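J.: One predicted model, sequence on top.
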Amino acid sequence: MKQVLSRLHQRFDQRISIWLEHEALTGSVRCGKGCSACCDVPMLTSLAEAILLRERVPAQLDPVIHRRHQTVCELWQSCEGDEDLWARTYRFCIGSCLFLAPDGACSVHEVRPLPCRQ
């Protein structure tokens, strides 16, 4: 499963890089390493992607991840299932992605989920 997901990520990245090259010529794309503009919005991942990410997480982050999970669940409950409200308040209550490095780069760039690759 890891090899299949890795190949899928590679193909996706290749297609995105072609699109980015084209868009860069027109001046439409401004993202690059360290951008982090969308690293504070909720992202859904597949189980396979979550497994890959979990393998990259150092044990010392376990308590941080557990607290983050509790906070996300509490936020969801307070929004009473209203997905729009949850998405709007997420960035203010949750903050940036756990994998966002101090320099704004992604610390798990090689195994980042598909939504983060778009």
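T.: Perfect, thanks for sending it. Residues are numbered from 1 along each chain as shown.

J.: Isn't residue 107 up against residue 96?
T.: No. Residue 107 lies out of contact with residue 96 (C-beta atoms under 8 Å); the separation is 11.5 Å. Yep, even glycine has a C-beta here, placed from its N, CA and C like the rest.

J.: the more surrounded of those two?
T.: residue 107 (15 against 12; other C-beta atoms under 10 Å).

J.: which residues sit in contact with the more buried one?
T.: Listed by C-beta atoms under 8 Å, 6 or more residues apart in numbering, the contact partners of residue 107 are 99, 100, 101.

J.: Leaving out sequence neighbours, find the closest residue to the second one.
T.: Of all residues beyond its chain neighbours, the one nearest residue 100 is residue 39 (4.8 Å), with distances taken as C-beta to C-beta, 6 or more residues apart in numbering.

J.: Quick check: which element contains the one you found?
T.: Secondary structure assignment for residue 39, by DSSP states H and E: no helix or strand.

J.: oh, and call the first residue 265 from now on, that's how I've got it
T.: Sure, I'll start counting at 265 from here, so that last one is residue 303.

J.: Residue 361 is in contact with that one, correct?
T.: Yes. Using C-beta under 8 Å, residue 303 and residue 361 qualify as a contacting pair, with a distance of 4.5 Å.

J.: so what sits against both of the two?
T.: residue 370.

J.: from memory residue 310 sits against residue 375, does it?
T.: No. At 11.9 Å, residue 310 and residue 375 do not qualify as touching, with contact defined as C-beta under 8 Å.
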